[in-house]
Each structure stands twice: as C-alpha cells, then as structure tokens.
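1. Just a sequence and a predicted model for now, questions to come.
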Amino acid sequence: MSSLTRNRSNISSSAIAIQPIHALSGLRSLYSETFGDPQICIAVLDSSVDQSHPCFEGANLTQLQTLVSGFAKSGSVAQHGTHIASIIFGQPNSSVPGIAPGCRGLTVPVFADGQEGLVPCSQLDLARAITQAVEQGANVINISGGQLTQSGEPDPFLTNAIQLCRENNVLIVAATGNDGCACLHFPAAIASVLAVGAMNAQSQPMRFSNWGEAYQTNGILAPGENILGAVPGGGTAAKTGTSFAAPIVSGIAALLLSIQLQRGEKPDPHAIRDAILQSALPCDPAKSSDSRRCLVGKLNISGAYALITKGKIKQMSHEKLENVMMQPSETDNTIAQLQPSEMLMVTGNETNTAVTPSECATCGGKSEASEGSEAKQAPQIPLAYALGELGTDFGTQARQDSFMQAIPAGMNLLDYLDQNPWEAQSLIWTLNLDATPIYAIMPMGAYANVVYERLRAFLRDENIERVSIPGYMRGSMKLLSGQTVPIIVPDVRGIYGWSVAALIENLIQANPAGPSEEDYRNKIREYLERIYYEFRNLGVTPQERALNFSATNAFQIADVMSTGTANDIGLDTITVEKSPICRPDSDCYDVKLQFFNLQDSRRAGKVYRFTVDVSDVIPVSIGRVRSWSVAS
C-alpha cells in the first residue's frame, strides 16, 4: 500500500541564521486586523504534538483520536508534528510565536513511532485523517508530507477525500517535497491542493524544493530555510524543508479567512487559495537559471490581502491532473509511503538528537529538550455504515499458530468454529474492500454472541458477496500483516449479507416488471454495482452513510428502477447532498438519481430523490420518493 514520508541531512551550526517569519512583508498589516479568529480551524495532519510545550500555553488545540494516536513525549514521534504545529499556533511572546495563534487547531496524528523512527502513512490512512478533519470543521488542512511518484493514480479513497474537501470548501495545503527535481508528490500534485515549495532568505527557490509540472499551476514558494519551531520537552530548533514552508502558508490562509469573517463575509478557503496564487510574485530571473523552480511564484501577503478585500479574485479552474502519484518529501526514497517533507538542520548544541531516518535533514537549529508530557485528546465516537466483504485475521503469528494447532487435521476453520463457537471472539473479523481490510469488527455487549453467530453464517455462505456493518468506531487494531485498522463495534440490527443476483431476484418477485423484466434487472444491477465500485467508500461521512444505506434499502431503489424501466430512461448520475428541510434532532441527506432518455438525448430526463436520516447509528428513510423532469 502506497504511503507518505520525510527527509534528512545535517550542516554545521555556523551555517545557521534563523529566518524570522514574523518579518515577512505584509504580515504586520494582517496583524493590525487579526491574529486569527477562533472560528477558523486549521488541522495539522502530522506526527503527534507535545501540547505541553510552553509555546502552546493558551492555544486552542485539540488532538483527534486516529489510528496512530498516542501521547506525545520528547522523542522522534513528536518532533516533526510539534515543530509544524508551533509555526502556526505558537502563542505571542512565547519562544515560538506562530503565524495564526488565535485560530482553533486540530492535531491529527498520521505518522506513528516505529523502531527506526517515524512510520510512514498509507494513502488510505491519510484519506481517513482528511475526512476526520473535515468532519470536525477544519477550514484549512496542513500536510507537511507526501509520496513521490513518477506515474500512476492516487488511491481512490484519497481521491474521494480530496473531493470531499472541494465539496465542503476546505483548503488542503501540502508540501511539494525535497527531492530537488522536476517531480511530484501527492497530495500536493492534486490540482485543487495548494502546493508549497521552499525558498531561502534571499527569496530564491531552494535547491531541494521540487518543481514538477503540476506545481506550475498550483504551487507557491514560501520561506523554508532555518524556520524556528518547538521541540518536544520545551526547547526550540531551526529546521529547513518544504515541510516548514507549508504551515506558513496555512497560517497566512487562516489569517485571510479570519479577515473575511471580520468583514462580515463567509470564509471562502478556495477563494483564498486563488488569491494567493494570483498575487504571487515572480522570481528574479538573474538569480534563477530555471523559471520552473519558482512554481507560480513567491508568496505575496499584501497582494493576496488586496485581492481578498477588493474582491478582484478570478476563479481558477482545477485542471485534471494526469498520472501522478504521491511520495515523501525527503531524500530517502526507499519507503514508498507518505512521509513528512522536512529537511532537519541541527546544531552541535542540540541535546535531543532523536530524528527519524525518513526525514530529510539539511537545516540547522538549536534544541533544548526535556521530558514531554501527555497531549490532550478529545473523545470521539464517530458513526460508520460500511459495505464490503467479510474476512478474518489472526492478528499475531502466535494466535495463528495456536489456531492451527487446535484445528484437527482435515477440518477447516469454519467447521472448527461451528464446533467451538466461542473461539470466534479469538479471531479478528475484518470488513474488506478489494481484499484490503478497512475495519476490524469487534462485537460488544449482551448480544455479542448473536453478532458472532451472524458473522460465522455469512462467512460460511459462499453466495454472500456483500455485508453491511453499521456501528461505532472505537480505537484501532493491528492485523497480522502489520496494517492498523479502525475498530467498528457493530449494531446487530443493521448487519445484513447478500449477493447481487439473489437480491435482484427477491426484488423482481416482490415487484414484477412484466415484459421489460430483463431491463429492470439490469437497471438494479447497474445501480448496486456503481455503489459498490464507482462510489466505494469508508462509510464515515454522512453522505457516505446515506449512499451506502440506499444500497441496502433496495426495495426503495426497486420502485425507482421500475419507473425508469417503464419510461425507457437510463441512470446517469448519483449525488448526495444536505437536505434543505429536516425534522428536529435529525441529520438528513437527499440521494438523487438522475436519468437520461435512452431513445432521444434531447428529450427531458428525470430526477428521483429520496431522503435519508443519518443521525442514528442505523440510517432511516424519510418520506416518499419524489421525482421531476429536467432538461438533458
């Protein structure tokens, strides 16, 4: 599974001259209006953050629980995230004053601590974290990492998460990477993302900062040399890399959003992105041999402010990006995973030398670290309504060996579980998508045995192609492969298993379609297959839960398809949007199916809409199916 990383190298202390980010041209004028509004939220997707550092005293920070959540201590696991967070949220008059200290912050750990340093993050886990940040109200998401790529496509789940940000007007700011080539990283290379490269104190592109083709339309240069930041335990250090340029831009974007809010306007993160790109300043051609290294241009705070306040922003199109993939922003490219985009420069005076091998070190700084302490965590119990295939996992080699020794010769696992049903709880039951586990299913409570019995029955029935698992997400679990997946505690009321063919036959028997039965059958199959494959998802956001529920509420879909068959129309698009009207204490979404005329594309099409309330663990349909004609 592809994932994200970071970079490493050292220089001597004599080369260090800390770049004062608060001296950036135009920043003082922003501070005359705001230091950041607490209604504007910035999410930092990185390693853990030592929130006990003095620079965060008074900061409005919340750590979200993720698959790699843990307490930040003085060590490699918290170094990168603490530094990045301090650049944004460090409080005024502290050792590290941040760019937007008044904004609300979410720290979302995606890089875990391993035996040899930070463990890279998969694209799937990054997608989970992005989705979680959007659900928690982030306006800006900072990702100081990425995955280097030469060709290919991002993981579909990551694509879905980026699309979710676009739909919810959430800006992703990501580092371009530190490979020093005309190459790309994901997610920075995705068109709707604001990519950030690094420039030095003379405002020239740094040699290691990437300048791939996609960055010529979505990339900006910001200071990335000797950027002061916090070290777990209370110290400070200066570091260099695109990792440290990205949070500067994230902070500036948040300040501009705060100014929009103060002016009585609705905060518009993507308008801020366009203003930053349109106001960018060109590099000095006499000092730069390759204009591509400058990307769109250099950060121009005053210019972006002028565009925002005078309303002269031109909407920029997000061109489709072809065949690019994501990789670390670091010089060590041996791990094909998402890694932090940092180049660390440390002085000989630094007492905390534990840096990750996956981080690119080429910068300098002084560090005085002492014991860290636990970071605050906000309890989160999100709902999920997921579809997939059922599987099992042993978790450890020892557990696998114990099962193999316990199962008599000639007997398979399912037969053994039938004779010893209590052993079902010793297995890890998984929900898979395309052979990739996305959840560990952990029944709890008085009726856990009923859930295990149902899971065993589904696994034994070879005709079962899909299962629905509604429930609550609680913690995470490591599988035998080493992959960590979230735990879902299922609600037995909504657990179903089916095959597409059998489901269609049941629907036809309940709703005979007459002479057009085959067409009716094909329309239902097309809808279900599109939900399972084209719109496959993790079932976490309200939109995903509503869509997945529609696939299990097949009788409602059958009515729509029956009408579609009679009217000779074909399914065109499936969309889910917030319902404008909803009953109290509910969370309603409209699933819309748009059809086109099969005989004449110029004739009017048809839209069918039904509403789903996703406020409870098991969604429920509300009202009748509505329909109306639309122009083709």
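-> Arrived safely, thanks for sending.
2. quick one: low-confidence parts of the stretch 201-350 of the chain?
-> The stretch 201-350 of the chain contains residues with pLDDT under 70 at 288, 312-337, 342-350.
3. That one: helices as residue ranges?
-> 215-218, 242-262, 269-278, 301-310 (DSSP state H, counting those that start in this stretch).
4. Pick the most buried one from those helices.
-> helix 242-262 (a mean of 28; mean count of other CB atoms under 10 Å). Yep, even glycine has a C-beta here, placed from its N, CA and C like the rest.
5. quick one: it to chain centroid distance?
-> Computed by CA atoms, centre = their mean, to the nearest Å, the separation of helix 242-262 from the middle of its chain amounts to 19 Å.
6. Tell me what angle it forms with helix 301-310.
-> With axes from the mean of the first three to the mean of the last three CA atoms, to 10 degrees applied, the angle from helix 242-262 to helix 301-310 works out at 30 degrees.
7. can I get the CA coordinates of helix 242-262 in PDB?
-> Provided in PDB are the C-alpha atoms of helix 242-262 (Å, rounded to 0.1, in the frame of the first residue of the first chain):
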ATOM      1  CA  THR A 242       9.200  22.200   2.300                       C
ATOM      2  CA  SER A 243       7.600  20.800   5.500                       C
ATOM      3  CA  PHE A 244       8.200  24.100   7.200                       C
ATOM      4  CA  ALA A 245       7.200  26.300   4.300                       C
ATOM      5  CA  ALA A 246       3.700  24.700   4.200                       C
ATOM      6  CA  PRO A 247       2.500  25.800   7.700                       C
ATOM      7  CA  ILE A 248       3.500  29.400   7.000                       C
ATOM      8  CA  VAL A 249       1.100  29.400   4.000                       C
ATOM      9  CA  SER A 250      -1.600  27.500   6.100                       C
ATOM     10  CA  GLY A 251      -1.300  30.200   8.700                       C
ATOM     11  CA  ILE A 252      -1.500  33.100   6.200                       C
ATOM     12  CA  ALA A 253      -4.600  31.500   4.600                       C
ATOM     13  CA  ALA A 254      -6.200  31.200   8.100                       C
ATOM     14  CA  LEU A 255      -5.500  34.900   8.800                       C
ATOM     15  CA  LEU A 256      -7.100  35.900   5.500                       C
ATOM     16  CA  LEU A 257     -10.100  33.700   6.300                       C
ATOM     17  CA  SER A 258     -10.300  35.500   9.600                       C
ATOM     18  CA  ILE A 259     -10.300  38.900   7.900                       C
ATOM     19  CA  GLN A 260     -13.100  37.700   5.600                       C
ATOM     20  CA  LEU A 261     -15.100  36.700   8.700                       C
ATOM     21  CA  GLN A 262     -14.400  40.100  10.400                       C
END
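8. three-state assignment of N537?
-> Put simply, N537 is coil when judged by DSSP: H, G, I helix; E, B strand; the rest coil.
9. ok, I141 - contacts?
-> By CB atoms under 8 Å, 6 or more residues apart in numbering, the residues touching I141 are I42, A43, L45, I130, A133, V134, C165, V170, L171, I172, V173.
10. Please flag which of those residues sit within strands.
-> With DSSP state E as the criterion, strands contain I42, A43, L45, L171, I172, V173 from among the contacts of I141.
11. check contacts around the second one.
-> When contacts are counted by CB under 8 Å, 6+ apart, A43 is found next to G105, L106, T107, V108, A133, Q136, A138, V140, I141, N142.
12. Other residues contacting the host helix or strand of the fourth one?
-> Using DSSP states H and E, V108 falls within strand 104-109. Residues external to strand 104-109 that are found in contact with it (CB under 8 Å, 6+ apart): 38-49, 51, 59-64, 66, 68-70, 81, 85, 88-89, 129, 132-133, 136, 138, 375.
13. Give me the subset of those lying in helices.
-> Among the contacts of strand 104-109, DSSP state H puts G81, A85, I88, F89, A129, Q132, A133 in helices.
14. Top of those by number of neighbours, please.
-> With neighbours taken as other CB atoms under 10 Å, the top of these is A85, carrying 35 neighbours.
15. dump the residue contacts of that one.
-> By CB under 8 Å, 6+ apart, the contact list for A85 reads V44, D46, V49, F56, L61, G105, T107, A230, P247.
16. Recalculate using a threshold of 10 Å.
-> Counting by CB atoms under 10 Å, 6 or more residues apart in numbering, A85 touches 42, 44, 46-51, 53, 55-56, 59, 61, 63, 72, 78, 96, 98, 105-107, 142, 229-230, 247.
17. same thing with V489?
-> Neighbouring residues of V489 by CB under 10 Å, 6+ apart: 381, 384, 441-445, 448, 451, 469, 471-475, 617.
18. Give me the mean pLDDT for the strand or helix carrying G146.
-> G146 belongs to strand 145-149 when assigned by DSSP H and E. The average pLDDT for strand 145-149 rounds to 86.
19. okay, the angle between it and strand 41-46?
-> Using the same axes, to 10 degrees: strand 145-149 against strand 41-46 is 60 degrees.
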